[in-house]
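Colleague: what follows is a predicted structure for the sequence shown.
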Amino acid sequence: MKFQAPKGVSEYVPPRSRAFEWTRDTLLRSIKHSGYQLVELPVFEDTELFTRGVGASTDVVSKEMYTFEDRGGRSITLRPEGTVGALRAVIEHGLDRGVLPAKVFYVGQFFRAERPQAGRYRQFYSVGIEAVGVDDPALDAEVISIAYAGFRALGLKQFHLDITSLGDGQSRAAHKVDLVAFIKTLDLDEATIVRAQLNPLRLFDDKREEVRAMMATAPILLDYLSESSRAHFLAVQSHLKALEIPFSINPRMVRGLDYYTGTTFEFVHDLLGAQSGIGGGGGYAGLMEEIGGQSLPGIGFGLGIDRALLAAEAENVVPTAEFASDLYLIPLGAAAKSTALIISESLRDSNISCEIAFGDRSLKGAMKAADKSRARYVIVLGESELASGEFELKHMASGSTSSVTLTSLVQTLQQALSVI
RNA sequence: GUGGACGUAGCUCAGCUGGUAGAGCACCCGGUUGUGGUCCGGGAUGUCGCGGGUUCGAGCCCCGUCGUUCACCCCA
């Protein structure tokens, strides 16, 4: 029996796992520099949290959730997205009772039972933030700018930002009446009509040319915004302009989760094929209350780590491997190994990374391994070195060696490494 | 969930109208009693995704299945 990973999961193993770490940590850096704090959350929740929060009519909830019954008969679901779980924790731990906005971030894997495809997995990785409790266009703009900064920090250039406003409840109700009436006049197939009944906005997102043409004259939600929603959206735009973040207003943008209100946005990469959304988010005025919290507004985003990595690879901006370890120790013989273990431990205590050549391969083989590991320095520990307490410290890039004593090793390396 | 393409060594792939499986890279050893990258010589490696069928004979043809991939759908 040969086991393989379950269908459609994204796995990262060396050497690519390094690029994955880099992607994740780069995106996180931008978030941490903005005062967001970690919420480390369960990957499964009460199923009802998602049906209420995300919306029972959404595709995500109606056909893409991994749901099961636990041994106590509870209905449990593997989280398909991050926002409602994060808000559940905010409410449960009273983070919304302190200074507002409460600002949290999360990172980890999410699960959707979809047909896998490049950039779409059944288990995928996202990083996201949520800012709860303050309604301020400047906050919206900052949230967008944090995501933008993260993508730019990765070195991405070939992506664009689409924004729109879904307005408030009144705006949407008025628009929906007119939109539904308009759609009824169209000649559509059965599946599309069903889709429109679930969420008429979906038709704006249809990829078929004929549907796009029909929808060209459809009423646009932006035209129905209330005075306050319009003012808010205009303010967000002016802040984005001040930040010099390029964006385009896309009134046809559709988000698949029911809770979005107000400012919504999407980052789309140009080189990625069908699954090109690398991040997106928006406001959610009613969500806190919907899942049992105070009536507070909020806004956040989720960024796809898998897709950001694919984008970085497509743009060829993933940095090549740095030196793996500072020092590679090659002990010759059993006594030398014991010494190598002791030396490497003390080096690591001094924050110098160090690895040892294990096994009994030839010196040539061990040197090749050292080279492969991309270690910066190498020391061979043989009988003469053990006897004299002096080694040759070899700098691999240049091939030059210098003589070092055991007692001065840490200091010498610290000096050498800080210079570089 | 629907449709198309593809599954051969660790990786990338070749394999003719069906005749008993190969290359490059990587790996190991040696050329140099204890110093890597280049070079030279040598070496190991496959249930040809899996299961069935057709055939004297299947990597190649047929069916099923699992997986990958592209698109729809959906979204990170």
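Modeller: Yes, it's here.

Colleague: for A:V254, which three-state class applies?
Modeller: Classification of A:V254 by DSSP: H, G, I helix; E, B strand; the rest coil places it in coil.

Colleague: need the nearest residue in space to it, chain neighbours excluded.
Modeller: For A:V254, ignoring the flanking residues on the chain, the nearest one in space by Cβ to Cβ, 6 or more residues apart in numbering is A:D205 at 4.1 Å. Heads up, the C-betas are built off the backbone N, CA and C, glycines and all.

Colleague: anything in the helix or strand harbouring A:Q414 near RNA strand B?
Modeller: Counting by DSSP states H and E, the element that carries A:Q414 is helix A:409-419. No: between helix A:409-419 and RNA strand B, judged by Cβ under 7 Å from any atom of the strand, nothing touches; the nearest distance is 14.5 Å.

Colleague: just to revisit the earlier point, tally of neighbours for the residue nearest to A:V254?
Modeller: As a burial measure, A:D205 scores 16 neighbours (other Cβ atoms under 10 Å).

Colleague: so it touches A:R252, yeah?
Modeller: Yes: at 7.0 Å, A:D205 counts as touching A:R252 under the criterion of Cβ atoms under 8 Å.

Colleague: still on that earlier bit, quick one: contacts of the helix holding A:Q414?
Modeller: A:326-327, A:343, A:346-347, A:350, A:352, A:376-377, A:391, A:393, A:395, A:402, A:404 (Cβ atoms under 8 Å, 6 or more residues apart in numbering).

Colleague: again, only using 10 Å
Modeller: Helix A:409-419 has contacts (Cβ atoms under 10 Å, 6 or more residues apart in numbering) with A:323, A:326-327, A:343, A:346-347, A:349-354, A:376-377, A:379, A:391, A:393, A:395, A:402-405, A:408.

Colleague: all strands of the stretch 101-250 of chain A, in order?
Modeller: A:102-111, A:123-132, A:159-165, A:248-249 (DSSP state E, counting those that start in this stretch).

Colleague: can you count the residues close to A:G399?
Modeller: Neighbours of A:G399 under the rule other Cβ under 10 Å: 7.

Colleague: contacting residues around A:L272?
Modeller: A:118-119, A:158-159, A:278, A:307, A:310-311, A:314.

Colleague: got it, and A:S276?
Modeller: A:119, A:159, A:266-270, A:307, A:310-311.

Colleague: repeat that with 7 Å
Modeller: With contacts defined as Cβ atoms under 7 Å, 6 or more residues apart in numbering, A:S276 is in contact with A:268-269.

Colleague: list phi and psi for it.
Modeller: phi -100, psi 0 (degrees, to the nearest 10).
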